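Peer 1: predicted coordinates and the sequence they were generated for:
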Amino acid sequence: MRATKDLLLKLQKLDDEIAALRADEESIPAKKENLEEGLKAIQERVEEHKEQSIELAKKRKEQEIELESTADGMGKFQSQLFQVKSNREYEALQHEIAGLKEKSSKIEDVILEILESSEEISKAIEAEEGALKAESERSKTEQAKLDGELKELTDAIKVKNDERARLVADLDKVLLARYERIRDNKNGLAVTSVENGACGGCFRRIPPQEMQNLKRDDRIITCEGCGRIIIWRWE
Ligand SMILES: [Zn+2]
C-alpha cells in the first residue's frame, strides 16, 4: 500500500509541475500580443501625424493660392489708380486696396500658423519614428526570447508527460481513474498529506480514530471534508 501511496504522491507532484509549465506556456501568446500592440500603437500615432501633416500642406497650398489671387487683385486696382478721373473714384480704389491688404495680412498670419503646426508635427513624427525603430528592435528581441521560452516549455512538458506515462503504467487503473476524477473536481489537487494533524487540502482537523487508520496504511483513505485522497506522511 505504501508503494501505491508513494506513486500517488509522485503523480500529484508531477501533475503540479506539468500544470505550472502549462500555465507558463499559455501566458506566452498574450505576452507576444502585448508586444505587437505596443508597436502598433506607436505606428498608429505616426500614421495619424502623417495624415495631419498632409492635411496642413493642403491647407497651406489653398492659402497660398488665395494670397496670390489677392495680390493679383491688388495689382489690378493699383494700375487703375492712374486711370481714374475723380477723387471719389480714387478714394474708392484706395478703399478696395486697403481691404485687400488687410485680407493678405490675415492670410499671411494663417500661413504662419500652419507652418508652425507643420514644424511641430514634423518634430513629433521624427521622435515617434525614432521610438518606433527602437521599440521594434526591442520587440524583435523579446519575441525571439519568448519563442525560445515557448520551445523550452513545450519540450519540458513533453519530458514530464513521458515521465507521467511511465509512472501511471505502474498504477492500478481504477485508482488512476479515481485520482483523475478527484483532480478534475478539486482544482488539480487530488492527493494531499496530513499537515499538523489536519488535511493538507481543506485544513479539516483529523479525528484520532481516522489518524490511526491513516497511520495503519492498509487502504486508500479520502478526506471526509474535501474528498481528496489523504496520505500519512512518512519521514
Ligand atoms: Zn480535506
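Peer 2: Good, I have the coordinates.

Peer 1: longest helix in the protein, by residue count?
Peer 2: Ranked by number of residues, the top helix in the chain under DSSP state H is helix 87-169.

Peer 1: buried residues, the very next helix or strand once past that helix. List them.
Peer 2: Using DSSP states H and E, the helix or strand that follows helix 87-169 towards the C-terminus is helix 173-185. By neighbour count on 16 or more other Cβ atoms under 10 Å, the buried set for helix 173-185 is 176, 178-179, 182-183. Heads up, the C-betas are built off the backbone N, CA and C, glycines and all.

Peer 1: just stretch 83-95 next, same as before
Peer 2: Neighbour-count burial for stretch 83-95, counted by 16+ other Cβ under 10 Å, picks out residue 93.

Peer 1: what's in contact with that stretch?
Peer 2: Here stretch 83-95 makes contact (Cβ atoms under 8 Å, 6 or more residues apart in numbering) with 77, 80-81.

Peer 1: check stretch 62-75 too.
Peer 2: Residues contacting stretch 62-75 (Cβ under 8 Å, 6+ apart): 97, 100-101, 103-104, 107-108, 110-111, 114.

Peer 1: mean confidence score for it?
Peer 2: Averaged over stretch 62-75, pLDDT sits at 97.

Peer 1: near the ion, which residues of this structure are found?
Peer 2: Contacts of the chain with the ion, taken as Cβ under 5 Å from the ion, map to 199, 201-202, 223, 225-226.

Peer 1: pull out the buried members of these.
Peer 2: By 16+ other Cβ under 10 Å, those give 199, 201-202, 223, 226 as buried.

Peer 1: quick one: those as CSV, columns for pLDDT, distance to residue 188 and secondary structure too.
Peer 2: Compiled in CSV, these are given as follows (pLDDT from 0 to 100; distance: Cβ to Cβ, whole Å; DSSP: H, G, I helix; E, B strand; the rest coil):
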residue, pLDDT, distance to residue 188, secondary structure
199, 96, 16, strand
201, 95, 11, coil
202, 96, 14, coil
223, 95, 16, coil
226, 96, 13, coil
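
Peer 1: residue 27: neighbouring residues, count only.
Peer 2: 13 (other Cβ atoms under 10 Å).

Peer 1: again, but for residue 63
Peer 2: 19.

Peer 1: that one sits in which helix or strand?
Peer 2: Assigned by DSSP H and E, residue 63 belongs to helix 2-80.

Peer 1: angle of that helix against helix 173-185?
Peer 2: 30 degrees (axes from the mean of the first three to the mean of the last three Cα atoms, to 10 degrees).

Peer 1: helix 2-80 to helix 87-169, inter-axis angle?
Peer 2: Using the same axes, to 10 degrees: helix 2-80 against helix 87-169 is 170 degrees.

Peer 1: right, I'll leave it there.
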